[in-house]
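Novice: With the sequence up front, the predicted model follows.
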Amino acid sequence: MIDTTITKEEIVAILPKVAEIIAAALPCDLERVKPETSLINDLDAQSVDFLDVVFRLERAFKVKIPRGKIVKEARGDLSESEFDQGGVVSDAGLARLKTFLSEVPPERFASPLKVADIPRLFTTETFCKMVIRQQRAATAPGAAAPS
Amino acid sequence: MVNHFRAFSFVDRITSVQAGVRIGGDYAIPPVLESFPGSLVAEAVGQLAAWVAMAAHNFERRPIAGLAGSIELLAPVQPGQVLALAAELESADEDAVAYGGTARVDGVPVIRLQDCVGPMVPVDEFDNPQALRDRFAFLCGSGASPGGFGGLPVLAAERNGGEIGRRATAVFQVPASAAFFADHFPRRPVFPGSLIMHVNLQLASALAQELSPPGPTARWVLREVLDMKLRAFIAPGESLNLEVRVSDCLAGSATLAMETRNAREIVATARLLFMPEERP
């Protein structure tokens, strides 16, 4: 199990590069990309922009970000039925999500929250954390050597 | 449905396939056509990549056009030529396929796609999954008879503003009906991304010719489309506003930026690299 605690220093170290990538992908002025900026709500990003950002991050940081597994990763040890019912995040799921997305201010979590709306919460810092988790996964003992 | 797999299909035969990894095929450009634009050559490579991505997901999911990091237009093609197509998948999961590819004529590359990403969507919203399975088997076997594509209708934007040599704006009315909608796609007609690019590239090429010529006997020719992004589906009959502006114009190259909007949002963006070429 990889340590999920990510330090501020780790985030600060890669933030400029991540912000630059987001600004180039959307595109928008770099000054608009703050750590707390929501890509969808603040920068009008769409799903294809998320793909764009993720692929650029993968190339820049030489990691593989499991796109379809981001929500699964957020779920942690909760089963699918514990995390959500009928596409709406359960109370237990919401608590888990607030821990996983600790960078997102609590007031941004809608209630009820649809699973499909989870990406609306993603901020610049969320993407920093994705990169850091994958960097750790790649260097964890037993990780496959990069091909 | 007579136009399905004909009116906008650019793979005649699949000659090699390694599931989820790479694929090769060919397409004979019908000799009766007047021309075959580079955007359709790119479409052919993208369609070939789509076949191997769909096969990897049992034809339950399919990619649609999304991102292209680089499309190098290396040489024009002519009706009657045969495109040897190849595509290699970098990844193909449930959400997206990442790929690159080439088209060659007589062994010479005419187009090269790199860092392309297509979002994966459920096939049954757009097409009949079983019809696609059957078609894939057919293409891997005897293959289709060339000549299904009958050419494009006139697709030209009407220029309505801008500044000579700096910026051009235009409106483009997507046809409400056209043969290619029956093929792209039978259950949900969508104006193809390659045709959005085709219309934009015509406008951009006209703007590029308003720049100072790169030399006494040279002209600006489009060589590369960079960071192309298609952000929304475009339905038949939609009205689009196009804008192309000159970003940089140096001695050896000119870069133009294009942005296309519908009534609600930006639907397509790209950067276009023009290079000098001696006039024939």
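Specialist: Perfect, thanks for sending it.
Novice: Next, see if the helix or strand bottoming out on mean pLDDT in chain A gets close to chain B.
Specialist: Sorting the helices and strands of chain A by mean pLDDT, DSSP states H and E puts helix A:70-75 at the bottom, at a mean of 78. No - if you take Cβ under 8 Å from any Cβ of the partner chain as the test, helix A:70-75 misses chain B, and the best it gets is 9.6 Å. (Each C-beta comes from the backbone N, C-alpha and C, glycine too.)
Novice: Nearest residue to A:Asp117 in space, please, no chain neighbours.
Specialist: A:Ala110 (6.8 Å; Cβ to Cβ, 6 or more residues apart in numbering or on different chains).
Novice: so that neighbour, which of the three states?
Specialist: Per DSSP: H, G, I helix; E, B strand; the rest coil, the local secondary structure of A:Ala110 is coil.
Novice: Would you list the phi and psi of it?
Specialist: phi -70, psi 160 (degrees, to the nearest 10).
Novice: And it, what's its pLDDT?
Specialist: Each residue has a pLDDT score; the one for A:Ala110 is 89.
Novice: give me the number of residues near it?
Specialist: 12 (other Cβ atoms under 10 Å in any protein chain shown).
Novice: Spell out which residues belonging to the stretch 101-250 of chain B are near chain A, please.
Specialist: Going by Cβ under 8 Å from any Cβ, the residues of the stretch 101-250 of chain B near chain A are B:115, B:117, B:119, B:229-232.
Novice: and the residue nearest to the spatial centre of chain A, what helix or strand is that in?
Specialist: Centroid check for chain A by Cα atoms, centre = their mean gives A:Thr126 as the closest residue, at 3.8 Å. For A:Thr126, the enclosing helix or strand under DSSP states H and E is helix A:124-139.
Novice: interface residues of chain A facing chain B?
Specialist: A:27, A:44, A:46-49, A:51-52, A:55, A:59, A:64, A:66-68.
Novice: In those residues, find the pair that's most separated.
Specialist: Greatest spacing in the residues of chain A next to chain B, by Cβ to Cβ: A:Asp44 and A:Lys64 (27.2 Å).
Novice: out of all of them, which strand in chain B is the longest?
Specialist: In chain B, taking DSSP state E as the definition, the longest strand is strand B:108-122.
Novice: Only alpha carbons, please: show that strand as PDB.
Specialist: Extracted as PDB, the C-alpha positions of strand B:108-122 are listed here (Å, rounded to 0.1, in the frame of the first residue of the first chain):
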ATOM      1  CA  VAL B 108       6.600   7.600 -49.100                       C
ATOM      2  CA  PRO B 109       5.000   9.100 -46.000                       C
ATOM      3  CA  VAL B 110       2.300  11.600 -46.900                       C
ATOM      4  CA  ILE B 111       0.900  12.300 -43.400                       C
ATOM      5  CA  ARG B 112       2.100  11.600 -39.800                       C
ATOM      6  CA  LEU B 113      -0.100  11.800 -36.700                       C
ATOM      7  CA  GLN B 114       1.500  11.900 -33.300                       C
ATOM      8  CA  ASP B 115       0.100  12.200 -29.700                       C
ATOM      9  CA  CYS B 116      -3.500  11.700 -30.700                       C
ATOM     10  CA  VAL B 117      -6.100  11.000 -28.100                       C
ATOM     11  CA  GLY B 118      -9.700   9.900 -28.800                       C
ATOM     12  CA  PRO B 119     -12.200   9.800 -25.900                       C
ATOM     13  CA  MET B 120     -14.000   6.400 -25.900                       C
ATOM     14  CA  VAL B 121     -17.800   6.400 -25.900                       C
ATOM     15  CA  PRO B 122     -20.500   3.700 -25.900                       C
END
